[in-house]
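S.K.: The following block contains a protein sequence and its predicted model.
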Amino acid sequence: MPIVAHNKLPTFQRLREEGQTILDPDRAMHQYIRELHVGLLNMMPDAAIAATERQFYRLVGESNPIAQFYMHPFTLEELPRGTQARAHIERYYEPFEKIRAEGLDALIITGANVSHADLSREAFWDPLRVVVDWATENVTSVLCSCLATHAVMQFHHGQKRRPLPAKCWGVFPHQVERSHHPLVNDVNTVFDVPHSRYNEISRAQFEAAGLHVLAESEAAGVHLAVSADGLRVVYFQGHPEYDTVSLLKEYKREVQRFVAGERMEYPPFPENYLKPRERAILDDYRQQLASAREAGLDPPEFPEALVATRLDNTWHDTAEGIVGNWIGQVYQLTHQDRKLPFMEGVDPNNPLGIDF
């Protein structure tokens, strides 16, 4: 069902241009369809703030035919922001105090860039914990993405992420581990997910915390896990929300960091992402770049346009299915009064009635 454009956030217009149905608030008021209010705690850096909004709004908006969605973006004041991003936040985002007072049906927490190996040293650590502690007591379900998963695992379960020998970067196949769980019971038993991270929470760590792993990759590790009750917290380690070009843009940024001397080695290709033609184009660019540097010339333009149109997306349909299942469970279990997370008669320790 549609997302309601209850403010002037530019993301709504971008989604309209993609063909997604976005309702004006006046029209939404005259439809006898239940509302769901979904928060987005967007901790991404300035350059990724708008793209992250679109990615998660798109998944929510495509997810469920029986509700209309009001999205509530907010962030943490402790995160450093430039002038343009701060203006965007001040104009379109809501203060957490307002969200806490009015309540949410569901909450999505994005990843973030970090400066320290120990997440507890990050400026966002304490305010993030305040949000998560409130949400896990007052919101039907919280979906954590990547870095948010690592943070919650550390401060709720004492499980610290561990550095990988090399960056986990690319698109990887994952096997469904518990096909009876409502989040995955009608998706492909093997599906792709993009990953982009230097650290991980292992399966053993999830299980030591009493959580349930729903999907795992031999190469990339656990992608999807849930809290002991099956729904209150959903953990992503991958990035199913990514656009088709997201990994290409990350690769471009890493190349630019190499050119600027910010990284010593030329970046490898993301795994299982580029076809031979696109790899050849990028290999040729690397040679052109080396020649230009040797001759003291400006670097050539990165051939993004040549590559972007030939990329495949092998993960979005399953991501849409899993998020749709998540929203469906939230819809069934949430009171109309959002300050009462579960319906009367539902076991809060096993709201889905699953025999794990």
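M.R.: Received it, and whenever you're ready, just let me know what you need.

S.K.: tell me, what residue is most central in this protein?
M.R.: Using Cα atoms, centre = their mean, the residue of the chain that lies closest to the mean C-alpha position is Ser145, 4.4 Å off.

S.K.: so it sits right up against Ile108, yeah?
M.R.: Yes: shown here, Ser145 and Ile108 form a contact pair, counting by Cβ atoms under 8 Å, at 7.0 Å. All C-beta atoms are positioned from the backbone trio N, CA, C, and that covers glycine.

S.K.: What are the neighbouring residues in contact with the residue nearest to the centre of the chain?
M.R.: Ile108, Ile109, Thr110, Gly111, Phe236, His239, Glu241 (Cβ atoms under 8 Å, 6 or more residues apart in numbering).

S.K.: Then Leu79?
M.R.: The contact partners of Leu79, taken as Cβ under 8 Å, 6+ apart, are Met43, Ala112, Ala123, Phe124.

S.K.: Could you report the pLDDT at it?
M.R.: As summarised for this prediction, Leu79 has a pLDDT of 95.

S.K.: any idea whether Lys167 is helix, strand or coil?
M.R.: Following DSSP: H, G, I helix; E, B strand; the rest coil, Lys167 is assigned to strand.

S.K.: Check Glu320 too.
M.R.: Going by three-state DSSP: Glu320 is helix.

S.K.: on that earlier part again, ok, the contacts of Leu79 vs Pro276, which is closest?
M.R.: Pro276 lies nearest to Ala112 out of these, by Cβ to Cβ, at 34.9 Å.

S.K.: who's in contact with that closest one?
M.R.: Applying Cβ under 8 Å, 6+ apart, we find Ala112 in contact with Met43, Met44, Pro45, Leu79, Glu122, Phe124, Leu147, Ala148.

S.K.: which parts of the helix or strand hosting Glu90 are buried?
M.R.: Using DSSP states H and E, Glu90 sits within helix 83-92. Neighbour-count burial for helix 83-92, counted by 16 or more other Cβ atoms under 10 Å, picks out Ala85, His88, Ile89, Tyr92.

S.K.: Walk me through the domains of the protein.
M.R.: As assigned by automatic domain parsing, the chain contains the domains 3-242+314-333, 246-308.

S.K.: State the distance from the residue lying closest to Arg277 once chain neighbours are set aside to Gly103.
M.R.: Closest residue to Arg277 apart from its sequence neighbours, by Cβ to Cβ, 6 or more residues apart in numbering: Arg310 at 6.5 Å. Arg310 sits 45 Å away from Gly103, going by Cβ to Cβ, to the nearest Å.

S.K.: Counting neighbours, go ahead and name the busier of the two.
M.R.: A direct count of neighbours by other Cβ atoms under 10 Å for Arg310 and Gly103 places Gly103 higher, at 18 against 11.

S.K.: Quick check: phi and psi at that one.
M.R.: Note on Gly103: backbone dihedrals following degrees, to the nearest 10 are phi 90, psi 160.

S.K.: Pretty sure it sits against His37.
M.R.: Yes: with contact defined as Cβ under 8 Å, Gly103 reaches His37; the gap is 7.2 Å.
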